[in-house]
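Undergrad: generate coordinates for the sequence data below:
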Amino acid sequence: MSDWRVPGFTSTGSKRPEALFGVAGDPGLPAQLVRAAGARVWDTADREYLDYVMALGAVALGYGHPAVHQAATDALAAGVVGPLPPVAEELLAEALAHRLPWMERVRFLKTGAEAVAAAVRIARVQTGRETVLGCGYHGWLDWCQGRTEGVPQGTRAVFAELPFNDAERAREMIRYRADHLAAVVVEPVVVAEPTREWLETLRVETERIGAVLVFDEIKTAFRLAVGGAVERYGVRPDLVVIGKAFASGFPLAAVGGRADVMAATSRTWISSTLATESVSLAAALATLAVFDQEDVCTHLHRVGTRLLHGMHRLPRESPHRLTGVGGVAEMCFLHFTNEEISRAVAAGCARRGLLFKRTAYNFVSLAHGEPDVDVALGVLEEVLRGIE
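TA: Residues are numbered from 1 along each chain as shown. The predicted model follows:
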């Protein structure tokens, strides 16, 4: 492996070997992908793996779903980009509003980070304020980075981290910044499910001071439900950001919400040359159709529940190696007693043909069946038993 031409070895930091396995340069571990199909991937040594990383959650239908593949192929034949917006953009916006009625108006972008940036820009235009409160992971943007290298001090000054599931603290932080707060941007699921009190506090307090509530549903939309956490928990924000599984692995994200808030896009400049690239729009339309026809979310919940329940047995069997299980059925992971054990488990699983993340999250897909879950649990048990 070399990072001579690509600093850090890969442009997607979360796919670095040391991020996945805690080590780099081990020839017994996979480093680069050659192909993927269903719930399986193959590395450069043609070794096959049962995969639960699922492109960091970007694939919920399984790799290469035939309906999505066909739609993308047809769009490719018709031309990827052009000088005018494609018809598919309007069709997809209508399809989203039909299934997610809280997305009354929609703008498309290529990545989740772009879409979150757009949501914050819209909120700042709408409110005339600058400060943002965030909770969870929102990409590598300046305003929400945990790291400070390369981030202007002025940018850091207008952002603060909101604690997850702490309604009292959320109320205090929102009220303290009332005159300056443009947006509260939260991942509705951060390691665990949200409490109703926390979500309702966010909704009530942002309405009270006129700030914009944004749900970052890049991971949760098209997993917890087609409509994500908004559909599951019933609390409606002003704006929602979606991505990842939305286009079944094709690069597409969206920000949408209340018509009056989205109208702020006409008073600023949010534009990306490839936002209306036709192949990803077609893939997303096909993905929506598959979710309807195959009841994908019911499958994800059923198979994910089998995985989650099986994982809950593991800390009881290996209490010195595991402290618990995090996440929800559709996206879950193990809590390890220390970093060394997490590395040993991830590497041990990979050597036995299983890609299973040592941190949040592992994802089930339509391509995973109950036998795949049982295989994964069997490998995890074997690896844990083998750790001294």
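Undergrad: what segments of the stretch 51-200 of the chain are strands?
TA: Counting by DSSP state E, counting those that start in this stretch, the stretch 51-200 of the chain has strands at residues 105-109, 131-135, 159-161, 181-186.
Undergrad: any idea which of those strands is most buried?
TA: Mean neighbours per residue, mean count of other C-beta atoms under 10 Å, is largest over the strands of the stretch 51-200 of the chain for strand 181-186, with a mean of 27. C-betas here are computed from N, CA, C, even on glycine.
Undergrad: could the strands of the stretch 51-200 of the chain be laid out in CSV, adding distance to S248 and mean pLDDT?
TA: Formatted as CSV, the strands of the stretch 51-200 of the chain follow (distance: least, C-beta to C-beta, whole Å; pLDDT from 0 to 100):
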stretch, distance to S248, mean pLDDT
strand 105-109, 15, 98
strand 131-135, 27, 97
strand 159-161, 32, 94
strand 181-186, 25, 98
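Undergrad: rebuild those strands as TSV, extending it with distance to L33.
TA: Shown next, in TSV, are these (distance: least, C-beta to C-beta, whole Å):
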stretch	distance to L33
strand 105-109	25
strand 131-135	31
strand 159-161	34
strand 181-186	31
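Undergrad: what's the closest of the ones you listed to V296?
TA: Smallest distance to V296 across the strands of the stretch 51-200 of the chain (C-beta to C-beta): 20.9 Å, for strand 105-109.
Undergrad: what sits up against the longest helix along the chain?
TA: Scanning the chain for the helix with the most residues, using DSSP state H, yields helix 296-317. Identification of contacts with helix 296-317 by C-beta atoms under 8 Å, 6 or more residues apart in numbering yields 60-61, 222-226, 290-291, 322-325, 327-332, 334-335, 362, 364-366, 368-370, 372-374, 376-377, 380-381, 384.
Undergrad: show me how far that helix is from its chain's centre.
TA: Chain-centre distance of helix 296-317: 19 Å, with C-alpha atoms, centre = their mean, to the nearest Å.
Undergrad: flag the shaky bits of the chain, pLDDT-wise.
TA: The chain contains residues with pLDDT under 70 at 1, 145-146, 388.
Undergrad: so which of the contacts of helix 296-317 are in helices?
TA: Residues of the contacts of helix 296-317 located in helices (DSSP H): V290, F291, E370, D372, V373, D374, A376, L377, L380, E381, L384.
Undergrad: which one of those sits closest to W140?
TA: Distance to W140 across those (C-beta to C-beta) is lowest for F291, with 28.7 Å.
Undergrad: I figured that closest one was touching A225, is that so?
TA: No - counting by C-beta atoms under 8 Å, F291 does not reach A225; the two are 9.6 Å apart.
Undergrad: show me the helices in the stretch 51-200 of the chain, by range?
TA: Assigned by DSSP state H, counting those that start in this stretch, the helices in the stretch 51-200 of the chain fall at 54-57, 66-78, 87-99, 112-127, 153-156, 167-176, 196-209.
Undergrad: and the last one, what does it pack against?
TA: Contact here means 3 or more C-beta pairs under 8 Å, 6 or more residues apart in numbering; DSSP states H and E; on that basis helix 196-209 packs against helix 167-176, strand 181-186, strand 212-216.
Undergrad: cutoff 6 Å now
TA: Where contact means 3 or more C-beta pairs under 6 Å, 6 or more residues apart in numbering; DSSP states H and E, helix 196-209 is packed against helix 167-176.
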